[in-house]
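Trainee: Sequence first, predicted coordinates after that:
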Amino acid sequence: MVELKTDASIDAMHAAGRVVGRALTAVRQAARVGVSLLELDEIAREVLREAGASSPFLGYRPSFAPTPFPAVICASVNDAIVHGIPTRYRLRDGDLLSVDCGAELDGWAGDSAVSFVVGRPRPADLRLVDTAERALAAGIEAAVPGNRIGDIAHAVGSVCRTAGYGIPQGFGGHGVGRRMHEAPEVPNEGRPGRGLPLRPGMVLAIEPMLIASGRDHYYEADDGWTLRTTDGSRAAHAEHTVAVTESGPRVLTAREAL
């Protein structure tokens, strides 16, 4: 069942989304060569603490997971697509890092992700990250009343495929509300005009995931969480929580420009 949020509820979700935006901004500013993923997780924890927010990631254990998630961010490096667990790994020059973060504030959730290069970037990585952001923007643009879930999926997938990138099948966006993951599912590839109609009050996490090689294959790492590209190619992930409104899409997790 898809819950339609009131304007007041969407405003409350925007407050949670601003916390997520601040956490991701702080992590990105701190992500330099030599900094560990655990240190980045602690920075995000501090932002949540200062805001009086909690983490929907910490302790989360879906049916596929062997253990509860131990951190407040997912930190996925290079060939890791999503769900990377922060470790003592210290960032190296040229690493491609995707950071996913959520926050719960006053009973409402926000969820967002960003990818970027640490140190000196490879042109191919910059193109991959740029395409992820363009796919996200296309998906957001399609999140309007009268469209359907398939229109969002088609918009995202068209940008990714036209650029020659792979899309990990079975993973995509989702509804957001009082819980981080709610109905409906929002695939990263689909047919326009198909699927659930979009109505004002729906709040969705739109999150393209791209594989640089153009292949769609991935595997689950030994930690039971991290998804990695089968061929070792790099991956990028971008995400915003977006409300469908009569006046157009409203991004609830916008970040300050760096």
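Mentor: Ah, there it is. Numbering: from 1, shown residues only.
Trainee: make it CA atoms for all contacts and neighbour counts henceforth
Mentor: Will do.
Trainee: got the buried residues for stretch 27-44?
Mentor: For stretch 27-44, a neighbour-count test (16 or more other CA atoms under 10 Å) marks 27-28, 31-32, 36-44 as buried.
Trainee: Could you export those residues as CSV, including pLDDT, distance to His83 and secondary structure?
Mentor: Output for these, formatted as CSV (pLDDT from 0 to 100; distance: CA to CA, whole Å; DSSP: H, G, I helix; E, B strand; the rest coil):
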residue, pLDDT, distance to His83, secondary structure
Val27, 98, 16, helix
Arg28, 98, 17, helix
Ala31, 98, 18, coil
Arg32, 98, 21, coil
Ser36, 98, 17, strand
Leu37, 99, 13, helix
Leu38, 98, 14, helix
Glu39, 98, 17, helix
Leu40, 99, 15, helix
Asp41, 99, 13, helix
Glu42, 98, 17, helix
Ile43, 98, 18, helix
Ala44, 98, 16, helix
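Trainee: Closest one of these to Ile81?
Mentor: Leu37 (15.5 Å; CA to CA).
Trainee: before we move on, the earlier item: and the buried residues of stretch 27-44, which is closest to Val77?
Mentor: Taking CA to CA as the measure, Val77 lies nearest Leu37 of these, at 9.5 Å.
Trainee: got a list of what the closest one touches?
Mentor: Ala75, Pro86, Thr87, Arg88, Tyr89, Arg90, Leu91 (CA atoms under 8 Å, 6 or more residues apart in numbering).
Trainee: Got a PyMOL select line for the buried ones in the residues you listed?
Mentor: In PyMOL, this line selects whichever of those come out buried by 16+ other CA under 10 Å:
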select buried, resi 75+86+91
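Trainee: would you turn the contacts of Leu37 into TSV with distance to Val156?
Mentor: What follows is these, written out as TSV (distance: CA to CA, whole Å):
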residue	distance to Val156
Ala75	23
Pro86	28
Thr87	31
Arg88	34
Tyr89	32
Arg90	32
Leu91	29
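Trainee: picking that back up, so which of the buried residues of stretch 27-44 is the closest to Arg122?
Mentor: Nearest to Arg122 among the buried residues of stretch 27-44 is Arg32, at 15.8 Å by CA to CA.
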